[in-house]
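1. One predicted model, sequence on top.
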Amino acid sequence: MNLVDRKGCIEVICGPMFSGKTEALINRVKSAMAQDKKVQVFKPIIDDRYNPLFVNSHNGLSIDAISIKYGTEILQFLDKDADIIAIDEIQFFEKDILDVIKAIAKSGVRVITNGLDLDFRGEPFGLMPYVLALAEYIDKLTSICAICGKPATMTQRLVNDKPAKYNEPIILIGASDSYEPRCRNCHEIIKEEKKIELNQYSYAK
């Protein structure tokens, strides 16, 4: 099936940072628009790395978008004649967006979305496991490991050029100053061991 002809489905583009997820989403949207498909693009307002009126890729591609805080806001802006709804960085939304994309797809509209499948700790990112489970089509992209040059499937968070600690907040908006792609073997996380001090407990005799 031609990508543009997909209807009533959910497709997900996932992978680590710098793997080309947003570029792929933009290219699919522009390809559909070139064939006279009506497309609406949404992005999370929390992603303030670039202009809030556009979805931007790291390599400079951009496309008009509507910034929203909650997934349910999509329904407020939804054009009844839309053929395609695209959602950038879906991992930043709450689970209420799941019912939204299911309803849109069931109405016959093609939903294209992208997001990080793993957080900086290498664990499933927020609602992404649910989005992937709902999808008819999944494309998992890789980047190039910044350490060894092998295919990278993970995102390394850096703090002062050192690996981040495990207990840091999951969401930290940043780009190459805070993150780099890594393969599984080169990905690092600092886990602080919990030391139990016996003298902090009292025991009844």
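-> That came through, no problem. Owing to the predicted nature of the structure, the values given are computational and were not obtained by experimental measurement.

2. Run a quick neighbour tally on residue 186.
-> 17 (other C-beta atoms under 10 Å). All C-beta atoms are positioned from the backbone trio N, CA, C, and that covers glycine.

3. and it, how far is that from residue 17?
-> Going from residue 186 to residue 17 by C-beta to C-beta, to the nearest Å gives 14 Å.

4. Now do the SS call for residue 138.
-> strand (DSSP: H, G, I helix; E, B strand; the rest coil).

5. switch to numbering from 24
-> All set: I'll call the first residue 24, so the last point we hit is now residue 161.

6. Now for it: which residues touch it?
-> For residue 161, the contact set (C-beta atoms under 8 Å, 6 or more residues apart in numbering) comprises 34-35, 37, 155.

7. List the beta-bridge partners for it.
-> For residue 161, the beta-bridge partners under DSSP bridges are residue 35.

8. can you pull up the bridge partners for the closest residue to residue 102 other than its chain neighbours?
-> In space, and not counting its chain neighbours, residue 102 is closest to residue 63: 5.8 Å by C-beta to C-beta, 6 or more residues apart in numbering. Judged by DSSP bridges, the bridge partners of residue 63 are residue 108.

9. Just the pLDDT at residue 63, thanks.
-> Per-residue pLDDT puts residue 63 at 96.

10. wait, what's in contact with it?
-> 89, 100-102, 105, 107-109.

11. Just the strands from the protein, written as ranges.
-> 32-37, 62-67, 77-79, 85-87, 89-91, 107-110, 133-138, 160-163, 166-167, 174-175, 177-182, 185-186, 202-205 (DSSP state E).

12. mean pLDDT for those strands: which is lowest?
-> strand 77-79 (a mean of 66).

13. Who are the contact partners of residue 65?
-> 88-91, 97, 100, 108-111.

14. how close does it sit to residue 92?
-> 11 Å.

15. possible to save the contacts of residue 65 as a markdown table with distance to residue 126 and neighbour count?
-> Below are the contacts of residue 65 laid out as a markdown table (distance: C-beta to C-beta, whole Å; neighbours: other C-beta atoms under 10 Å):
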| residue | distance to residue 126 | neighbour count |
| --- | --- | --- |
| 88 | 21 | 22 |
| 89 | 18 | 16 |
| 90 | 21 | 18 |
| 91 | 16 | 19 |
| 97 | 10 | 21 |
| 100 | 14 | 12 |
| 108 | 11 | 24 |
| 109 | 16 | 24 |
| 110 | 14 | 29 |
| 111 | 19 | 27 |
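
16. which among those gets closest to residue 134?
-> residue 108 (5.2 Å; C-beta to C-beta).

17. Now that the closest one has come up, it's in contact with residue 131, right?
-> No. Using C-beta atoms under 8 Å, residue 108 makes no contact with residue 131, being 11.3 Å away.

18. longest helix of this structure?
-> The longest helix of the chain (DSSP state H) is helix 44-57.

19. and the gap between residue 128 and residue 50?
-> Taking C-beta to C-beta, one finds residue 128 at 21 Å from residue 50.
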